[in-house]
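>>> Sequence first, then the predicted structure, then my questions.
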Amino acid sequence: MSQWQIVYTEQAARDLRGIHDYIAFTLLEPEIARKQTRRILDAVATLDEMPLRCPLYEKEPWRGKGLRVLPVDRYLAFYLPMEPRNTVAVIRVMYGGRNLEEQLKQTDLNV
């Protein structure tokens, strides 16, 4: 089985920093922030094998573009498997309680 390369878009990297910073500096829980960020990164790293195992995001137009979602605790990692290149592009990482459609509207899926 071939390994897939995992890449993060700039937006996904900003999302992860925002999650970390909110927990560390707003909630004043730096250790929890570090552990939560690590859990997200570790879960996303498992997409290097069988990235198609996670479901397609159910709403259009994202479903039609092949956007998939990996739940991690209360967070969701949105990603696009790009089969010709054996690459998984992590597009966004968001708290599941947010208005996901509104956040995705502001996301560029052209990777």
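Sure, I can see it. Residues are numbered from 1 along each chain as shown.
>>> alpha carbons only for contacts and neighbour counts from here, please
OK.
>>> which residues does the closest residue to residue 51 other than its chain neighbours contact?
With sequence-adjacent residues excluded and distances taken as Cα to Cα, 6 or more residues apart in numbering, residue 51 is closest to residue 81, at 6.6 Å. Each residue near residue 81 by Cα atoms under 8 Å, 6 or more residues apart in numbering is listed here: 51, 52, 66, 67, 68, 87, 88, 89.
>>> what are the ranges of the strands in this protein?
Ranges of strands within the chain are 5-8, 68-72, 75-82, 87-95, based on DSSP state E.
>>> how about those, which one is nearest residue 17?
strand 87-95 (10.0 Å; Cα to Cα).
>>> elements contacting that closest one?
Contacts defined by 3 or more Cα pairs under 8 Å, 6 or more residues apart in numbering; DSSP states H and E place strand 87-95 against strand 5-8, helix 10-21, strand 75-82.
>>> And the contacts of it?
Under Cα under 8 Å, 6+ apart, the answer for strand 87-95 is 4-9, 11-12, 15-16, 19, 47-48, 51, 74-82, 100, 107, 109, 111.
>>> Pull out the buried residues from those.
Buried members of those, counted by 16 or more other Cα atoms under 10 Å: 4-9, 11-12, 15-16, 19, 47-48, 51, 75-81, 109.
>>> For residue 56, grab the count of nearby residues.
By the criterion of other Cα atoms under 10 Å, residue 56 has 19 neighbours.
>>> out of the strands of the chain, nearest to residue 26?
Closest among those, using Cα to Cα: strand 87-95, at 15.1 Å.
>>> what lines up beside that closest one in the sheet?
Under the criterion DSSP bridges, strand 87-95 sits next to strand 5-8 (parallel), strand 75-82 (antiparallel) in its sheet.
>>> angle of the longest one against strand 68-72?
Using axes from the mean of the first three to the mean of the last three Cα atoms, to 10 degrees, the inter-axis angle of strand 75-82 relative to strand 68-72 is 150 degrees.
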